[in-house]
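Peer 1: pasting the sequence and the predicted coordinates here, then a few questions.
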Amino acid sequence: MTSSNADLLQPPKRFTPKKWSWSGEWNVRTVALLTGLMGLINLLSAVTPSLGDRLAILRQFSPLAVRHGGHLTAALAGFALLLLANSLWRRKQVAWLLTLVVLVISIISYLVKGLNYEEASMATALAVWLFTLRPYFHARSDAPSIRQGLRALVAAFLFTLLYGALGFYLLDRHFHVNFTLIAALQQTIVMFTQFYDPGLQPLTGFARYFATSIYIIGATTFSYALFMLIRPVLVRQSATPAERARAKAIVEAYGHSSLARMTLFDDKSYYFSPGGSVIAYAARGGVAIALGDPIGLPEDIAGAIAGFVAFCARNDWQPAFHETLPDYLDHYQVVGLQTLCIGYVGSVDLADFTLVGKAYQTLRYAVNHLTKLGYHAEIHQPPLSAELLAELRAISDEWLTMMRGTEKRFILGWFDDDYIRNGPVIAVHTPDGQVSAFANIVAEYQCNEVTIDLMRRRSQVENGTMDFLFVSLGEWARAQGYASFGLGLSPLWHVGEHDDDPSVERALHYIYEHLNQFYNFKGLHEFKEKFHPHWSPRYLIYPGPASLPAVLTALIQVSSGDNFVGAYLKALVSKQLI
């Protein structure tokens, strides 16, 4: 039995987000900072000599090896606390448990190495406070990574035992002791648990290197295991067919922006709010970037935003929304997110669209010029023929080669045979019938507007070809009864132009003005300005200034198919060669 769209949409349910607790937030932040401070205290304590009178008492009960091991244990525990402090700030469940364990180890090391009861008392108080805050640590770690981290710990322990035992057994001539295999195993366990053995006396430099290498291997594998235990949740598989069907039904019913169609591409995962809205997102590097605003009933948008933020917190992701409308900025600010204008979207009112007048002289010339030469534009309705699809793919490949780039994703589509075949395409045909340029047409769902996604041309085309294509599309759209023609985003245009604009927006304005050689922002805007569109701002929503580098890096990753470093270097080299 198949579900209808009404079944997939589900009746809206009222969603009331949990109130944000300032006291809980303050406690979590403070404990995280104190944990980092405790790590620094551990490191300082490890390299600071113990007080003489306390050592005199300690010598009666503790041998030198244990006291020396206490110093090293304090240093390693301090390093671990510094690493864990950041994860506590992110409310990680696993970090909460590991920090308690490390604090207990720190307490023991303080007492063992020199009866440092002051530091031990501080660590005890911090551990008790952290224990009482258990309900506030709800961010999950990546389950496969936890399993991998635990396997790494076990493998590290077994490998270190094997490495040390075989090493001491085979290299005993480098030490004062002649090791049997059992004695070599015991020696490795002593070193790994007590971090010191005064009876072990290396005779050669290689022996000292080998003894040190045991600790290096142990520290490296421990660090790797710790990283795996506290890393954010990873999205390892795309949305299920049922989720895609549910998202499609919601988008078709409520989508009203040029990004609505892009939310259905297979590079998106989905969050569904209890009120029946959907948010399409991609997660990279601990950041979950949603494409546009939530799609659903207007009265559910605030709940969907709050729910997605909570969903991200549980997965240890920083939430972000890319290219949102100005309609819901207040809802984002209520949940503590900040807004950044990133450009303006152009829309041509087709009722007023004309080529008459001086303002449209350039467009009029291009259309007349190509028409006289015998060019014509044609709308190809789906499904496209195999011959036409092959020709369009060849043009697309030629265009990518010319641009020295790769297919973009997330905010744009890419040349996929099924995607292009099953949608209308406008193509500019030369006098001999060949296609010189094309664009695939995307209609809005709940907005009477038409726009394009891919826009490709051959490397050698007649001047004015793209103007001709856009004018022809506008005239066709008006004849079909569309009210407007969307030109897409003009990135960074009109952003940060005034002295009282936010500093981040002024930085983007500097990029717009001075880094045009890497991306032709101005040329793109000048092309769109020929059509005299109406402009509407678009925003990037992000947690705060500290998160902005991670958010921008994740956005570049999802937009470039995760090959952004290679693509950037390729483009940079190409710029130097031409």
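Peer 2: Structure received.
Peer 1: hey, where'd the helices end up in the stretch 201-350 of the chain?
Peer 2: Along the stretch 201-350 of the chain, counting by DSSP state H, counting those that start in this stretch, helices occupy 205-230, 241-254, 301-314, 329-334.
Peer 1: just the buried residues of the helix or strand harbouring residue 476, please?
Peer 2: Element membership for residue 476 (DSSP states H and E) is helix 465-479. Buried residues in helix 465-479, counted by 16 or more other Cβ atoms under 10 Å: 465-478. To be clear about C-beta, it is placed using only N, CA and C from the backbone, and glycine gets the same treatment.
Peer 1: for the residues you listed, which one is nearest residue 293?
Peer 2: Checking the buried residues of helix 465-479 against residue 293 by Cβ to Cβ gives residue 477 as the nearest, at 24.4 Å.
Peer 1: hang on, the earlier thing: what comes into contact with the helix holding residue 476?
Peer 2: 348, 350-351, 353, 355, 362-363, 366-367, 370, 375, 377, 379, 426, 428, 436-439, 441, 450, 452, 455, 457, 485, 527, 530-531 (Cβ atoms under 8 Å, 6 or more residues apart in numbering).
Peer 1: among those, name the buried ones.
Peer 2: 348, 350, 353, 355, 363, 366-367, 370, 375, 377, 426, 428, 436-439, 441, 450, 452, 455, 457, 485, 530-531.
Peer 1: the residues you listed in helices, which ones?
Peer 2: Secondary structure assignment by DSSP state H places 363, 366-367, 370 of those in helices.
Peer 1: could those residues go into JSON lines alongside distance to residue 341 and pLDDT?
Peer 2: Output for those, formatted as JSON lines (distance: Cβ to Cβ, whole Å; pLDDT from 0 to 100):
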{"residue": "363", "distance to residue 341": "28", "pLDDT": "92"}
{"residue": "366", "distance to residue 341": "32", "pLDDT": "93"}
{"residue": "367", "distance to residue 341": "34", "pLDDT": "94"}
{"residue": "370", "distance to residue 341": "37", "pLDDT": "96"}
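Peer 1: so which of these comes closest to residue 496?
Peer 2: Closest approach between those and residue 496, by Cβ to Cβ: residue 363, at 30.0 Å.
Peer 1: what about the closest one, distance to residue 489?
Peer 2: Plainly put, residue 363 is 21 Å away from residue 489 if you go by Cβ to Cβ, to the nearest Å.
Peer 1: once you drop chain neighbours, what's closest to residue 365?
Peer 2: residue 464 (7.1 Å; Cβ to Cβ, 6 or more residues apart in numbering).
Peer 1: mind listing what the one you found touches?
Peer 2: 365-367, 369-370.
Peer 1: quick one, phi psi at it?
Peer 2: The phi/psi pair for residue 464 (degrees, to the nearest 10) reads phi 90, psi 10.
Peer 1: for the stretch 451-578 of the chain, just list every one of the helices.
Peer 2: 465-479, 503-514, 521-529, 548-559, 564-577.
Peer 1: looking at the helix holding residue 476 now, give me its mean pLDDT.
Peer 2: Mean per-residue pLDDT for helix 465-479: 95.
Peer 1: what does stretch 483-496 give?
Peer 2: 90.
Peer 1: can I get it in CSV, CA atoms only?
Peer 2: Taking C-alpha atoms only, stretch 483-496 is exported to CSV below (Å, rounded to 0.1, in the frame of the first residue of the first chain):
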residue,chain,number,x,y,z
ALA,A,483,4.6,36.1,-12.7
SER,A,484,8.3,36.4,-12.2
PHE,A,485,11.7,35.1,-13.3
GLY,A,486,14.3,34.3,-10.6
LEU,A,487,17.9,35.2,-11.3
GLY,A,488,19.3,33.6,-8.2
LEU,A,489,21.8,35.0,-5.6
SER,A,490,24.2,37.9,-6.3
PRO,A,491,26.8,37.0,-3.6
LEU,A,492,28.1,39.8,-1.4
TRP,A,493,26.6,42.5,-3.5
HIS,A,494,25.4,45.5,-1.4
VAL,A,495,26.8,43.8,1.7
GLY,A,496,28.8,45.8,4.3
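Peer 1: so that it lines up with my notes, have the first residue be 659 from now on.
Peer 2: All set: I'll call the first residue 659, so the last point we hit is now stretch 1141-1154.
Peer 1: count of neighbours near the spatially closest residue to residue 1111 that is not a sequence neighbour?
Peer 2: In space, residue 1111 comes closest to residue 1071 once its chain neighbours are excluded; the distance is 4.5 Å by Cβ to Cβ, 6+ apart. Neighbour count for residue 1071, taken as other Cβ atoms under 10 Å: 22.
Peer 1: repeat that for the one 5 residues further on.
Peer 2: When counting by other Cβ under 10 Å, one arrives at 9 neighbours for residue 1076.
Peer 1: roughly how far does it sit from residue 1191?
Peer 2: Taken as Cβ to Cβ, the span from residue 1076 to residue 1191 is 31 Å.
Peer 1: same thing with residue 985?
Peer 2: Taken as Cβ to Cβ, the span from residue 985 to residue 1191 is 19 Å.
Peer 1: which of those two has more residues huddled nearby?
Peer 2: A direct count of neighbours by other Cβ under 10 Å for residue 985 and residue 1191 places residue 1191 higher, at 20 against 12.
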